[in-house]
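Undergrad: what follows is a predicted protein model with its sequence.
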Amino acid sequence: MSHQRPEFTMWTMMWSTQTKVVPLRSAPMSSVFLLHAVLAVMLIPTPGVWGGVVVRDGENLGFSGSHTDVLLVGDPTCADGEANEGVCCLKSCGAHCAISGCGGAKGGAAGCCGGVIRKNGQSCASHPAPCVLGPAPPGPPPPAPGPSTCSLNPSIEYLGNDTIVKPAVPSAGVTECCDACSNTSGCTFFTFDATAKTCTLRSTNAPDTSRPNPNCTSGEAHGAGPAPGPAPQPPAHVVVAISASAAVSHTGPSFVAWNIDASRNRGFFTRSLNVSEPLGARLAKQAAALSAETVAKESILRFGGSGNDYLTYAFDGTPCPPQGDTKECMNMSTWVNLLEFAKASNARIIFGLSMNTGHDLVEDSATSDPFPQPWDPSNAEQILKWTIANGYSDLIMGLELGNEQNSKYTGAQIATDFGVLYNLVTQLWPDASTRPKLVGPDPHSYHGLDKKVSWIADFLTACKTQGIPIYAATHHEYSEVDSTTFTSPASLDISGVIARMVNTTARNADPSVQVWGGEIGPHNGGSPPCDHTSMRWANFGDSLWYADALAQKARWGYQAFCRQDYIGADYGLVDCSTGTPLPDFFTGLLFSRTMGLAVLNVNVVTPGSSAIRAYAHCGRSGSGSVGVLLINLNANTSTSVSLTGLGVLTGQREQYLLQPSTQPPSLSNSTGLLGTGIRVNGAVMVTNADGSFTPLTPTTVADPTAAIVVPPTSIIFTTIQASPTTALACAAAGV
């Protein structure tokens, strides 16, 4: 299907015998975007189109969730020969570059065949069709590399797991350490120790384990070029075009999901979830409020994480091992507390079953304690039989197996283990209609484009070959945003980059599977103490990332976004010690309340508007309503936004404006982006000890056509009654 928009020129990155990236314009791209573009060509395993970038009036918009066009979810391999926005798909690279008729699309197939389609000696990206094959003219010499730049995280030591690229070496300072990482193959993160005057270089997983250390400064290297910067000042007025003619993707009925991690450093063994006790009752009541806003009226609770692979289940006579760094025990009372908590929360559990491979955190342990293959299901069978026999079977929505096992097993090996699990599940649940679904394979967290994505394809392909029904393909993701990048468009764009990578890979391997974010957080939390001394993501700034990440994952076809995590460390939806809801809690709740299942195509039309993020779904308030999410990343300037493309608007507009609190909350002394407080329509949200909170009441605007004023660093959810045409389109798509 092709929707033509004459004001846009499109390009695609293609696979060819010579890996190239066709520049969108002569001006240099940011190093972050250039890295993404290069990796997209180098790492995607299947030849063909991977994604597109819109160029508007000579402006490179990058991989923005509200500015990007790629393949429709229903046609990930572009089997019909043309993507949804008129971008040609590669069919062969030789005498013909794309199928018959592709040359008639605007801009031809810019970038096709490694950029050899030309017109008048220039790239098709700047010319209308038709374009022809021909040699590329010689280009200017590449620019000399500039000084390295890095994003810094003071007083934090990155530890990672198996991540050392180069061990501690003498270093004069942070700048030298940054340069060393930028110039070392495989290095993305580093830690400078000011006391020892050493620099340790680490790979992409380094932040996954970190700890506070006043002697250290850790960082991420961006190479030669600027580090991701804050959003520039937007225009005073911005036009947002919404296409309601058809849905571009759909979310699931419990899209806003959340996790509980069975890890000691997340407080699982020291915090009681017993709903007969005050804290457990409060946590369940608040979780039930999240569930009530979903289309399904129930949440997905993923019980998984690193700690789940440490677990032995003390059931049916199996003894608990001595507790240690990689050994934990889950007894009957702990399991019952979790099950009853899920019931009180109106949630169903995705149970991450233990592979007892927690010792992967101990270097060289695999030599003395090899990883099991195939998986032994006997202990899992004991806890699952008990669960069924005691009437809790209906709470188990699905089963996972293992956590982040991609560095220890091949995709095919994990598929074999899932085959063992499938045999167990069919034995325990003979009735397929009540049988838990299989969800996986949960590879280690992505921070951007990542060649490890092929592991998902290997797993799905092997499962399909063996007849193992996988309901949802899952992955983990930490895009590494923090207080220095909450307002950076380039940093937030990473969520969309990862989404397209995973969606394309999974659906190429098995078009029938759903795609879930099985564990997504802004940054791996490490092991900070739960005493409010570390509140790195327990603040309003993180909600800018969370709202945008939810919308980007929905835009690119995810059916569930499992937020890591509900409670634990300093990046949960609620405070790790008191259970008080944090700004992200209310952000997720309002996303569910206003944004329906069918996702609409949106473009920010006004040039120079990278600070404004815009998304739209068919709404939740009935046929013809449209839910719109607007985010202003700029810290200083308000912008008015006009919406086009929805036809004649009727009725009144309902709106929720989310802003940082100006009053120091009890959890910290900070205000603004780094404060733990949030205002909704001007009122500071207050939560009571029983889990109740300030009612969330929308403001109303009598004139639905009036421009929407979006203040600095704010989030707006608004619901609009659109035209009968939009009502029919949303009804057909399923709101």
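TA: Thanks, I have the structure now.
Undergrad: tell me the mean pLDDT for the helix or strand hosting R679?
TA: For R679, the host element (DSSP states H and E) is strand 678-680. Regarding strand 678-680, the rounded mean pLDDT is 96.
Undergrad: same check, this time on stretch 507-527
TA: When pLDDT is averaged over stretch 507-527, the result is 90.
Undergrad: what are the buried residues along that stretch?
TA: 507-510, 513-527 (16 or more other C-beta atoms under 10 Å). (C-beta placed from N, C-alpha, C; glycine too.)
Undergrad: now, those that are in helices?
TA: R507, N508, A509 (DSSP state H).
Undergrad: put together CSV for the residues you listed, with distance to F586 on each row.
TA: Shown next, in CSV, are these (distance: C-beta to C-beta, whole Å):
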residue, distance to F586
R507, 33
N508, 37
A509, 37
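Undergrad: P441: which of these is nearest?
TA: A509 (11.4 Å; C-beta to C-beta).
Undergrad: tell me who's in contact with the closest residue to that closest one other than its chain neighbours.
TA: Excluding its sequence neighbours, the residue lying closest to A509 (C-beta to C-beta, 6 or more residues apart in numbering) is L460, at 3.8 Å. Contacts for L460 (C-beta atoms under 8 Å, 6 or more residues apart in numbering) come out as G411, I470, A473, A506, A509, D510, V513.
Undergrad: pull out the buried residues from the helix or strand harbouring L460.
TA: Under the criterion of DSSP H and E, L460 resides in helix 453-466. By neighbour count with 16+ other C-beta under 10 Å, helix 453-466 contains the buried residues V453, S454, W455, I456, A457, D458, F459, L460, T461, A462, C463, K464.
Undergrad: can you give me the offset of the helix or strand just after it from its chain's centre?
TA: Downstream of helix 453-466, the next assigned helix or strand under DSSP H and E is strand 470-478. From the chain centre to the centre of strand 470-478 is a distance of 10 Å (C-alpha atoms, centre = their mean, to the nearest Å).
Undergrad: sorry, back to before: what lies in contact with the strand holding R679?
TA: For strand 678-680, contacts defined as C-beta under 8 Å, 6+ apart pick out 540, 543, 582-583, 586, 590, 656-662, 684-685, 694, 696.
Undergrad: let me know the helix or strand that N337 is in.
TA: Applying DSSP H and E, one finds N337 within helix 332-344.
Undergrad: and the average pLDDT for that helix is what?
TA: Helix 332-344 comes out at a mean pLDDT of 98.
Undergrad: with just CA atoms, put stretch 383-393 into CSV.
TA: This file holds the C-alpha atoms of stretch 383-393, laid out as CSV (Å, rounded to 0.1, in the frame of the first residue of the first chain):
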residue,chain,number,x,y,z
ILE,A,383,6.1,-25.5,41.4
LEU,A,384,3.7,-25.5,38.4
LYS,A,385,1.9,-28.7,39.6
TRP,A,386,1.5,-27.1,43.0
THR,A,387,0.1,-23.9,41.4
ILE,A,388,-2.5,-25.8,39.4
ALA,A,389,-3.5,-28.0,42.3
ASN,A,390,-4.1,-25.0,44.6
GLY,A,391,-6.3,-23.1,42.2
TYR,A,392,-3.9,-20.5,40.9
SER,A,393,-3.6,-21.7,37.3
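Undergrad: buried stuff in it?
TA: Buried residues in stretch 383-393 (16+ other C-beta under 10 Å): I383, L384, W386, T387, Y392.
Undergrad: same question for stretch 463-478.
TA: By neighbour count on 16+ other C-beta under 10 Å, the buried set for stretch 463-478 is 463-464, 468-478.
Undergrad: now swap in stretch 601-621 and tell me
TA: Buried residues in stretch 601-621 (16+ other C-beta under 10 Å): 601-606, 609-621.
Undergrad: what is the end-to-end distance of stretch 371-381?
TA: This stretch, stretch 371-381, spans 20 Å end to end (C-alpha to C-alpha, to the nearest Å).
Undergrad: oh, that last question was meant for stretch 244-254, not what I typed.
TA: Stretch 244-254 has an end-to-end distance of 23 Å (C-alpha to C-alpha).
Undergrad: gap between it and the chain center?
TA: On the basis of C-alpha atoms, centre = their mean, stretch 244-254 sits 17 Å off its chain's mean C-alpha point.
Undergrad: repeat that for stretch 249-258.
TA: The chain centre lies 13 Å from the centre of stretch 249-258; the measure is C-alpha atoms, centre = their mean.
Undergrad: what about that stretch, start to end distance?
TA: Distance between the boundary residues of stretch 249-258 (C-alpha to C-alpha) amounts to 22 Å.
Undergrad: same question for it, mean pLDDT?
TA: For stretch 249-258, the per-residue pLDDT averages 97.
Undergrad: how much space separates F269 from Q721?
TA: Distance, F269 to Q721, by C-beta to C-beta, to the nearest Å: 50 Å.
Undergrad: quick revisit: which of the contacts of strand 678-680 count as buried?
TA: Using 16+ other C-beta under 10 Å, the buried ones in the contacts of strand 678-680 are 540, 543, 582-583, 586, 590, 656-661, 685, 696.
Undergrad: quick one, strands of the stretch 351-500 of the chain?
TA: If DSSP state E, counting those that start in this stretch is used as the criterion, the strands of the stretch 351-500 of the chain fall at 396-401, 437-441, 470-478.
Undergrad: now mean pLDDT and distance to L159 too, for the ones you listed, in CSV please.
TA: As requested, these are exported to CSV (pLDDT from 0 to 100; distance: least, C-beta to C-beta, whole Å):
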stretch, mean pLDDT, distance to L159
strand 396-401, 98, 25
strand 437-441, 97, 25
strand 470-478, 96, 14
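Undergrad: neighbours of S272, just the number please.
TA: By the measure other C-beta atoms under 10 Å, the count of residues near S272 is 17.
Undergrad: now F315
TA: Number of residues near F315 (other C-beta under 10 Å) recorded here: 19.
Undergrad: try the one 4 residues further on
TA: Residue crowding around P319 was assessed by other C-beta under 10 Å; the count is 8.
Undergrad: quick check: phi and psi on it?
TA: Dihedral pair for P319: phi -80, psi 160, per degrees, to the nearest 10.
Undergrad: distance of it relative to C329?
TA: 9 Å.
Undergrad: do the same with S299
TA: To C329, S299 is 27 Å away according to C-beta to C-beta.
Undergrad: ok, these two, which is more surrounded?
TA: Neighbours were counted for S299 and for C329 using other C-beta under 10 Å; S299 has more, 29 against 17.
Undergrad: give the contact list for the more buried one.
TA: Here S299 is in contact with S254, V256, A257, W258, A287, L290, S291, S345, N346, A347, R348 (C-beta under 8 Å, 6+ apart).
Undergrad: from those, which single one is nearest N636?
TA: The nearest member of those to N636, counting by C-beta to C-beta, is V256 at 30.4 Å.
Undergrad: helix or strand with the lowest mean pLDDT in this structure?
TA: When the helices and strands of the chain are scored by mean pLDDT, DSSP states H and E, strand 52-56 comes last with a mean of 26.
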